[in-house]
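below is the structure, and that's it, no one-letter string:
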Ligand SMILES: Cc1ncc(C[n+]2csc(CCOP(=O)(O)OP(=O)(O)O)c2C)c(N)n1
Ligand SMILES: Cc1ncc(C[n+]2csc(CCOP(=O)(O)OP(=O)(O)O)c2C)c(N)n1
Ligand code: SF4
Ligand code: SF4
Ligand SMILES: [Mg+2]
Ligand SMILES: [Mg+2]
């Protein structure tokens, strides 16, 4: 795969059009950040001329985990179990180490039920791009807090969250992840840049993308609530009503801080790392994350990179031929081998 | 419970002798570090005059997890499932928030299969003393590497470990644990001091105690191998043979570094935090752990303390009466309450 | 199926007419039709007409097809029917299919804006200028889709004769008495009704009339009923992980516990609810809490049950009480998370590895959801074992009418728990020794009991009657024998089946859970065409003696269930091998609740063979 | 039991004598008796005497009682027996119990150092100065306990007539030909033999004689046999989590794969082994690997199976091939991790929630462990589904004699996989469409296949034959029907039972797995006292037509198994309800493998009723 730009607007280096990278129609809510991440993946895969036939898409369960069906329709995809995608990815990647793997997960999927598998995937340095579409809630089960929800956050449905947020970037970092990044779904340029970098990383590349849930990031008592007044709010006590909403977007420069107003009126503070920041310094990475945590803001950008660690595929000392493509003669020892063995027992 | 010393040598403040704190006979290997940790728990519980009838002992599965049967025989104990003790502890503690909970786990139990539950227990700040008897191997299943095994370590049985170690102290720390400590099973004074401090901590107190496995921390090719020569070594190709061994012990001062020779001839480097170290500084804690990781040494002592975070029991706004002791009239609403409800549907 | 339906006697069909028909509202989920649908359902119910509401919704949050079916039945039958006579078509994407399914003589109500051709001559079409009428609410553009639903409320009211006052009452109920939203909704309702009155000539015969069949009854969903039952059962500890269709059980429990279970003086809680990180942790917490003496509950569904396997076996083997509500949905695997099935019988009965058999309760209606809500704790603590209550999506999330709930008729049974006083007198106890009662249950003590004799050690590995570790063959076997005794004892104390023995019937029907309403109706129809049937509705596993007696009394036993493999039929075969050849499994599993038409036709057809 | 044993006809007992008795070595685990025991077992085997070795070890690492039972049988019977005539008492803690269990006429060998009274007059006591003899090895003090075991090797050799040359050969085999350790061990052996010759007058009648019944046979354990089978089956991916008694399966697999499965030129591996963080991850990895086209295997036991429930159901429902070895141990729960049972039949058959039924293979001996090692992959890929192989601790970890393994008689069957060429020709494919063969199996493609038509999307939620998401009732049902077709198709291709129909027999015995050896012997004894029995040994579930035919042919069907609830009996009842009343469950579950004495006595007793 190449990091150069494609030769023309219509087709990329391998002769595919952007359309060849699309997937099925999304069934997510209008304005859901997850859909915009799917678009970014489509763009990046097209731009990088990635051969979709050599890509596998993997996910767990959740709104976020549905999205692999909505991009790269020419790639094999698999939607596994809630919180257990990392193991499935590990098996698939070792079965064919020549493929490019994209995993999409949610914050519930990764940080709640999936914490164990996530940590151990990172520990093994399973080569894949692992995207967390992070909204702090369980979208698909209608708005309970996930483990990444902010302490003190209040939601219409779930009440008040009393527990501290689990930071997936910090979690990846302390488990020696070689590529740790964070972005915001409404910042297409940054998401694309980071995705491109992630695709050229050899081990596990973790990208935590804040992707607000337009439907359940909302709470009843908020006075600053999403663009309609008190009376109108009451009418939609109908829990089944999901108003169409605009995607939240933001555009800000390196080193800058941007405040994004959420649907519930609360404010998300994003802080883009500047060019002086050295992502090869693990200690700086720990520091920047811990400080952001204290300030209740989110650091965006490439937080840490280290290309040193061997990947799981490399450690496995695998033959060139993918395991899945082995012929009988490569994997079934000979009659003589059996006879020799038998003589030894 | 009190931190003062007991009035006499024979009985403690609550009139119990050291014997009252003992448990059943151990079935662990002679010299296993886990047994010496059990002794420390006995001593500390006696010294602190903890009422054993108000203690619950919980564990997972493993050699380490067997040990609650070997101390505090007058306390209720429960030996749960592999890797799933934290959840069990959470339920038991909320059922009776007036009890003192001691959890004992292994490195396999906590860091491999148990990673998810461990992180979430810490996140909830479940009030308990959580001890990891860390030997880097699965003792009970005969010597495979656990997730805390050192990178590059070689064992007779398991071969070479290629993956980086998972640091349970760092894991606890980044999940906002309010008490993070590390010690060595062969350093009785430090273990006791830390245990005493842990018992007076209000939230989750994590103590990682390096506790070498005398039986499986051994490897065939080692020239420096445990006290017997090459020929003799071969004779014990009998995998069922477990030679009796001495417990490893060490005595060193604050700020000092001690090298302990392991049974396989490798050297464990311990570094005791000195009195200038401020365990209330989270950032310093991160730094000291990360640095030790790079130097392949183990920091011992109280690494981090923070008494601020409310515990899960506190957040649960529980009645004084433990839930388990509630009388029918406290928990079954009245006939009138039902009648009123029925009129509303 | 349809072939069968056509062949069979016509009496198997519901005779439609006044207060006897179904309405289906076909919408897009996320469009806010829930208020509209529940308001209609409640208004009809309050007019004294037996009514049920079933929501067929997709497994996503917005944008996919949803159907809400309201059935009225002057005979009091509230199961789903095969057809709905009145279609409110609000989803363009499914409109063609939806219209094709309307039976001859039926009605199609649709938005004028669609400008679709009215091609069927055997149904009546009414079109409504939905958007225009919605605007009359004065709501902002954003809420127009929502208001559009109120248009069909008004139209149906006018077309069918639903009392406007009851619609308003239902809205008031829905909005907890807040006038403002009631007014804006009523504006649309009235405008739509007026439009119909002015512009539409009623050509169909469907209408409703006040009657007196719902007096003193309530309308509720099973998850709320179960939650209330648990609260009146003194639940003290809940751990859970969200999963459809069980989520609302815990959410309602939390909601009502905050109302009913705070200490009046201190405002402190007499319960704790923990959202766990997954279902392994949820049941792990229950194990700890149940062991320590709490009344511990979780609610989950198939995938969660799967994850609970290991701890379920542990709790069985260590004699720890806890209650698991499995609100079943369609499996295998993720399956159809928003569709119903009774597919977890075998999984749950044998949950765990090794020789494990659990206690299962099988509520069939709202009263039993409430009753088993409290009774499950008494059984769990009396038997010191996990009790699984198998509700399902149809019971749990749909709207049912019900008698009012009965206050528990017994004090709480905490089972064999030794107090400090008892222990100090006994000076010892044997945790797993049931020799006193031979019921398989030994005495237990709770942590924190102030006696030096209280402590014992709990483990999932081999233990003898003193709770000591053992690998001795005889001690191991003794313990398994004790557990088998407990299972047999459970057989004598779990809820008895409801048995309706009909004189002269050669055929017995066996069923359980949410299919009960459809069975009642199917038997009525079968009886009408001359097939007498007796009926045993199981309320629990293991099956009690009454069930076994029932099985022995009939030549043919139709075991009706909503799963693919006929799972209960299998369990019963192994319980009563002598009846195995009489058992005929009648099962179907397509995500929709069984209809009386299908049940009656299936049994009728098999009887003809 | 013992009452039964006493009542029954004496012919049910093994007649002891030359080459016909058992030896039990009672030791403490961790003391290093494995070399001693395996050396005796091998020496006897190499003398041409049918021999088996069973290790009864505790669930800890050192310090608890262990028994190793060596059976010799000139008749070729190698199951465990109820009694062992010769006791080597090396564990003071259990010595009294151990001695009490020696049958009249038996022998007790014990260390002189114990100075215990020789109280039984019906047995022969021989005491050995064990420590003193051990010292003759010249080993350091630390290794004396280890050397002590060699003392009883020498003593037994002398007492029974085991050829010293075969002992030395066995030691050479054990130490891979290294002379040094062989010499130090032989020093003890010889010293002990000499001591016996000089000081002990043989008073018993037990002895061994060279014979010719083990020619061309091997001695091996089931886990090694299974591992080799997998390697010859072209296993490419293994993920696992350590658990007794399955651990050695993967460890042996890894060991032999490094020998047999490295590319000769590149020294690169044609397989990958990953130690997962738990069993959920292990099976998750298999799902990914199986989906992507690897031949994926895991080995585990009860608790691991429990954790695999959710992904097992997923793989079943998404048609993903993978192989799970469940080397069963005693449950429920942690149970007795080092004791045997066949207690996972129901759990595994129905593993998953919703309507799930799996393919199960049931090896009964070493050859089948090897055969199913490769065949399981062919079945899994042909059927595109998980295949569970139920070995057990007795098969897996004990020492069995066996014929040499047969090289696979068929090329690898990768099932219906479409290549890029095929796809480019077809221009599309329907993943779950089995209309071509009606066998329930659709074509699949592997990721990385270079065709624009290759891709499809796999999900555990509702899908139609094109692998598209669906919630449509008919599409859902069609898929379940296809899976049911697959189950019925599997019935026709899984391994057939071994059936031994005896003329004139009215009784059929049905069994499976490790109990086979004991059944063979029990039938021999029953025949001797006049009860003819036919025998069907199941090799797989679902049961094939031959099994059903067998069941229909006999009046009484004794289903013999090593679990508490008679699990296979239950499965067979539901498969053949017409035979349910003929099925009599003969089951026992105390952690020890079944004996022919117990089986014969149980069936005999039931026949008398
Ligand atoms: C074992 C299991 N438990 C529970 C569920 C129900 N469930 C489906 S999605 C989901 C949460 C998804 O949250 P997240 O991963 O944050 O994704 P989002 O919908 O927010 O994108 C849950 C709990 C499940 N599918 N499986
Ligand atoms: C679900 C499950 N998988 C595997 C096992 C087998 N097992 C028992 S103990 C153990 C590892 C214990 O290692 P650790 O926690 O480090 O304890 P140690 O024995 O080293 O003290 C394993 C894998 C089990 N009991 N349960
Ligand atoms: S519920 Fe939230 S996360 Fe799910 S699709 Fe809708 S907006 Fe996205
Ligand atoms: S095996 Fe290791 S961890 Fe287990 S008891 Fe022995 S020394 Fe301790
Ligand atoms: Mg989320
Ligand atoms: Mg360990």
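Perfect, thanks for sending it. Note that the structure is predicted; figures quoted are calculated from it, not measured. Ligands and ions are numbered 1, 2, ... in the order given.

mind listing the strands for the stretch 101-250 of chain A?
Per DSSP state E, counting those that start in this stretch, the stretch 101-250 of chain A carries strands over the ranges A:128-134, A:137-138, A:144-145, A:154-155, A:159-160, A:179-184, A:204-210.

and the residue in the stretch 101-250 of chain A that chain B sits nearest to, how far from residue C:545?
Closest approach between the stretch 101-250 of chain A and chain B, counting by C-beta to the nearest C-beta: residue A:116, at 3.7 Å. The way it works is simple: take the backbone N, C-alpha and C, and place the C-beta from them, glycine included. According to C-beta to C-beta, to the nearest Å, residue A:116 and residue C:545 sit 46 Å apart.

now render the strands of the stretch 101-250 of chain A as a markdown table, adding mean neighbour count, mean pLDDT and distance to ligand 6.
Formatted as a markdown table, the strands of the stretch 101-250 of chain A follow (neighbours: other C-beta atoms under 10 Å in any protein chain shown; pLDDT from 0 to 100; distance: least, C-beta to the ion, whole Å):
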| stretch | mean neighbour count | mean pLDDT | distance to ligand 6 |
| --- | --- | --- | --- |
| strand A:128-134 | 29 | 98 | 28 |
| strand A:137-138 | 30 | 95 | 34 |
| strand A:144-145 | 25 | 94 | 34 |
| strand A:154-155 | 19 | 82 | 41 |
| strand A:159-160 | 14 | 88 | 39 |
| strand A:179-184 | 28 | 97 | 29 |
| strand A:204-210 | 28 | 97 | 26 |
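
more crowded one of residue A:116 and residue C:545?
Neighbour count, other C-beta atoms under 10 Å in any protein chain shown: between residue A:116 and residue C:545, residue A:116 has more, with 30 against 10.

what distance do you get for the residue positioned nearest the centre of chain A to ligand 5?
Computing the C-alpha centroid of chain A and ranking residues by C-alpha atoms, centre = their mean puts residue A:131 first, at 1.1 Å. Applying C-beta to the ion, to the nearest Å, the value for residue A:131 to ligand 5 is 12 Å.

next one: residue A:322
Distance from residue A:322 to ligand 5, by C-beta to the ion: 33 Å.

quick one: contacts of stretch C:185-200?
A:235, C:35, C:126, C:128-129, C:133-134, C:136-138, C:147, C:150-155, C:157-159, C:164, C:167-168, C:171 (C-beta atoms under 8 Å, 6 or more residues apart in numbering or on different chains).

and those, which are buried?
For the contacts of stretch C:185-200, a burial check counting by 16 or more other C-beta atoms under 10 Å in any protein chain shown picks out A:235, C:35, C:126, C:128, C:133-134, C:136-137, C:147, C:150-155, C:157-159, C:164, C:167-168, C:171.

could the strands of the stretch 101-250 of chain A go into a markdown table alongside distance to residue C:529?
Output for those, formatted as a markdown table (distance: least, C-beta to C-beta, whole Å):
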| stretch | distance to residue C:529 |
| --- | --- |
| strand A:128-134 | 57 |
| strand A:137-138 | 50 |
| strand A:144-145 | 50 |
| strand A:154-155 | 55 |
| strand A:159-160 | 55 |
| strand A:179-184 | 66 |
| strand A:204-210 | 63 |
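
compile these into JSON lines and extend it with columns for distance to chain B.
Below are the strands of the stretch 101-250 of chain A laid out as JSON lines (distance: least, C-beta to the nearest C-beta, whole Å):
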{"stretch": "strand A:128-134", "distance to chain B": "15"}
{"stretch": "strand A:137-138", "distance to chain B": "15"}
{"stretch": "strand A:144-145", "distance to chain B": "12"}
{"stretch": "strand A:154-155", "distance to chain B": "15"}
{"stretch": "strand A:159-160", "distance to chain B": "10"}
{"stretch": "strand A:179-184", "distance to chain B": "13"}
{"stretch": "strand A:204-210", "distance to chain B": "12"}
